[in-house]
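Q: generate coordinates for the sequence data below:
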Amino acid sequence: ASKSMTSRSPNNKQQRQQQQEKQRPLSSSSTSNSSSRRATKTSLIQSDDSVTISIQLENNETIQIMSSKSGDSTNNKNNTASGGVAGYDTSTLTDEELAKKAQEELNMEGEMEEASEVFNSLFSTRRPKDVSAGLSSATKSIGKGVLAGAVSLVAQPIAGAQQEGAKGFFKGLATGVASAVALPVTGVCIGAYQVARGVGNQKEANDAGKKGMQWDNEKREWVFYFLDQEKDEIEKWEAEKKEGKTASGGTAGASLSEKPVKDREYYDLLGVSTNATAGEIKKAYYKEARKVHPDKCPNDPKAAEKFQALGQAYQILSNEQTRAAYDKNGKSENENADDLVNAIDTTVFFNVMFGSTLVEPYVGELWIASIADLVMKDMANQNPEGMTELQMNEQFQENLSGKSVDAEESKMRQSKREVKIAMYLRDKIQPVMDGKIPIDDFSAMAQMEAFKIADGSFGTTFLMMIGFQLEVEAEEYIGFRNTLLDGYKAQAKKNAHATSNNLKLTGAAIKAASAGRKIYKDVGSAQARAVEEGKSAEELEKEQAMYAAQKLEDSLPAFLELAWAINDRDVGRTLKNACKKLFADAGVDMEQRIKRAKMIKILGEEFHAVGKLVGKAKKEDGPGTKEEIKARAEVAVMTTMAKAQGQEVNDEDMEELIKKQKELAAAHQAAADVSSEAPPSS
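A: Here you go, the predicted model:
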């Protein structure tokens, strides 16, 4: 009770003093389940006809309970939280009892909120869009109820025995049995309720489907989807994010005053302000690079050194993360390691590794490249100073698992990827939609494009992926608009393909994990043998590194097979969502949407057919040999390094480099095979 706590019996001074001696602060006498709901100050104000108790909580919320001398009570508050002692005859309570009763109400409310969270995590009570969604929700609720009941039946007696021995065991057993009965029954009841809701919502779902509306999973309602509107929302989000970075000290536009930085060397090398924009930095780099390029300055012995320094400055200042770190901390002490991380553009690297440059408009930025880019940016923002090796390893594992990656940014990048693909497909088929190109000509153009893609690295693999997904998504959309049977047939075909891909992914993951364990085991055995032979620490470390590199090279096909399985699933899901956006776009009427689906079906059929035809001829199967993988990785690194330094590398140059590296790798392998088969000289 607070200092202003007074008794409702003002004529009894002795009783009032005794009550004040007994009273204690509510925060110590009773504890709420949530710290933000704990009372920190309570005051009681008495008038001639009523008593008001005011409770201040730790979150600065105030609850006021007014009670008349006749016993009527009301509850007022300055926020949305509830609380009070409604339903009690407060005229019979002492001041201390009234305060305790109010705190009990707060505790009970916290417990109810916690129970509500547990209930919602177990049972699905969200509004189902139709009968199928209601059945799905019911199945989940019943399954979770049965599972939770079984777990409770086992866990409660064990927990009770640990706390109170035999007595606690039997108490826990009783509670577990009750839970084992109550939870499944609750799940069945909730399931029946969800099915009934689904049946009730089916008519609305049918009407919405005829209108071309889409179900919003977050709002739980039917809405019209507009492709251009989502594009505008993504652009708005990107602009706001960019403005936020500028305000927090990222790249900013020029202003009257220079932005204070720890080191100006790189800015001075390029001759720009510390407030220079990314465009100004790029323009300045090209201007200065032409002045000191070794080919332009053959008589300057330091031209190469100057050109390299400019490249280093541009590399740091052209990246938002590295520029922010440079502005704050100056030049890094470990520049070589930082240069390696900053030079590799993961998007370019993976595009070269998987040959996705030619098909980028259809697949966008691969998920594996996007995640690698986010993880590397996140790692670049971490400060390794003062961290032990164990802490750095743990941080790396956390980054790799995606726990510290910006989830919102990852989600928006994927949405942008899907919208970009949908808009590309829309623009591609628009001439046919407008009647400017006959359907036969469009089909022939798609076939020609497919043969061009097939000529590139992994081209047939991508054609099969893209072609199948475009074809089946269009078939499903058209099928459900014509007859339900056709729609369900296409859906079954798609689901069977997805199941096959999941099995491939699982198998590839098992192979890669097995290969990783074998490498670890072999390296450990080699290290043990070296120790027994009495080799020095330096020799041991050198041999271990060489042996590990050799074993890693031998396992490259298994690791790349896993990456391809991930890509297959990623491309399929992305194209599925992109097609859904294209077909659901309410910017055109239903007739135009069906025509869009028909054109996409033609495009998919041509891609799929050419992929199968050329694939059989080229006999492309899997990621290739370890020599081919090494050759591609070397070209990927060379390409990303060249682009990081501002050099342009087109697709033809990349493909030519890859072919040459493959030929060189094949020649080395042939020479090694001949050498191993040759008889020993006498």
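Q: what is the subsequent helix or strand relative to the biggest helix by length in the chain?
A: Longest helix in the chain by number of residues (criterion: DSSP state H): helix 131-211. Where DSSP states H and E defines the elements, the next helix or strand beyond helix 131-211 is strand 214-216.
Q: return the backbone torsion pair for residue 222.
A: phi -90, psi 130 (degrees, to the nearest 10).
Q: actually residue 221, sorry about that
A: phi -150, psi 160.
Q: specify the beta-bridge partners of it.
A: Residue 221 has these beta-bridge partners by DSSP bridges: residue 216.
Q: burial count for it?
A: By the measure other CB atoms under 10 Å, the count of residues near residue 221 is 13. (Glycine included, C-beta is placed from N, CA and C.)
Q: and what of residue 661?
A: Residue 661 has 19 nearby residues by other CB under 10 Å.
Q: one more: residue 370?
A: So residue 370, with other CB under 10 Å, has 21 neighbours.
Q: which strands or helices does the longest helix of the chain pack on?
A: If you count contacts as 3 or more CB pairs under 8 Å, 6 or more residues apart in numbering; DSSP states H and E, helix 131-211 packs onto helix 95-122, strand 221-223.
Q: okay, and the helix or strand of the chain with the least pLDDT?
A: helix 26-29 (a mean of 37; mean pLDDT, DSSP states H and E).
Q: who touches residue 464 in this structure?
A: Applying CB atoms under 8 Å, 6 or more residues apart in numbering to residue 464 gives the contacts 608, 611-612, 615.
Q: distance of it from residue 221?
A: According to CB to CB, to the nearest Å, residue 464 stands 38 Å off from residue 221.
Q: repeat that for residue 602.
A: From residue 602 to residue 221 the distance is 35 Å (CB to CB).
Q: ok, how many other residues are close to the nearest residue to residue 274 once chain neighbours are set aside?
A: Nearest non-adjacent residue to residue 274, counting by CB to CB, 6 or more residues apart in numbering: residue 259, 4.4 Å away. Residue 259: 14 surrounding residues under other CB under 10 Å.
Q: does residue 259 count as helix, strand or coil?
A: coil (DSSP: H, G, I helix; E, B strand; the rest coil).
Q: with the one 4 residues further on instead?
A: Per three-state DSSP, the secondary structure class of residue 263 is coil.
Q: so it is in contact with residue 323, correct?
A: No: the pair residue 263 / residue 323 is not scored as a contact, 11.6 Å apart, by CB atoms under 8 Å.
Q: low-scoring stretches of the stretch 201-350 of the chain, by residue?
A: Applying pLDDT under 70 to the stretch 201-350 of the chain flags the ranges 242-258, 332-347.
Q: recalculate using a threshold of 50.
A: The stretch 201-350 of the chain contains residues with pLDDT under 50 at 246-257, 337, 340, 343.
Q: with the chain instead?
A: In the chain, residues with pLDDT under 50: 1-36, 69-88, 246-257, 337, 340, 343, 402-405, 682.
Q: what ranges do the strands span in it?
A: 39-46, 50-57, 62-68, 73-77, 214-216, 221-223 (DSSP state E).
Q: residue 270 contacts residue 285, correct?
A: Yes: if you go by CB under 8 Å, residue 270 and residue 285 touch, sitting 5.8 Å apart.
Q: mind listing the shared neighbours of the two?
A: Common contact partners of residue 270 and residue 285 (CB under 8 Å, 6+ apart): 310, 313-314.
Q: quick revisit: can you flag which of the contacts of residue 464 belong to helices?
A: 608, 611-612, 615.
Q: which one (most neighbours) among those?
A: residue 611 (24 neighbours).
Q: now do the helices in the stretch 251-400 of the chain.
A: Assigned by DSSP state H, counting those that start in this stretch, the stretch 251-400 of the chain shows helices spanning 265-270, 278-292, 303-317, 320-329, 335-343, 346-353, 360-363, 367-381, 389-401.
Q: for the stretch 501-650 of the chain, same thing?
A: Going by DSSP H, counting those that start in this stretch, the stretch 501-650 of the chain shows helices at 537-554, 556-584, 590-618, 626-644.
Q: what is the second one packed up against?
A: Taking 3+ CB pairs under 8 Å, 6+ apart as contact, the helices and strands that helix 556-584 lies on are helix 227-247, helix 360-363, helix 367-381, helix 407-433, helix 459-482, helix 484-532, helix 590-618, helix 626-644.
Q: having no further points to raise, I will conclude here.
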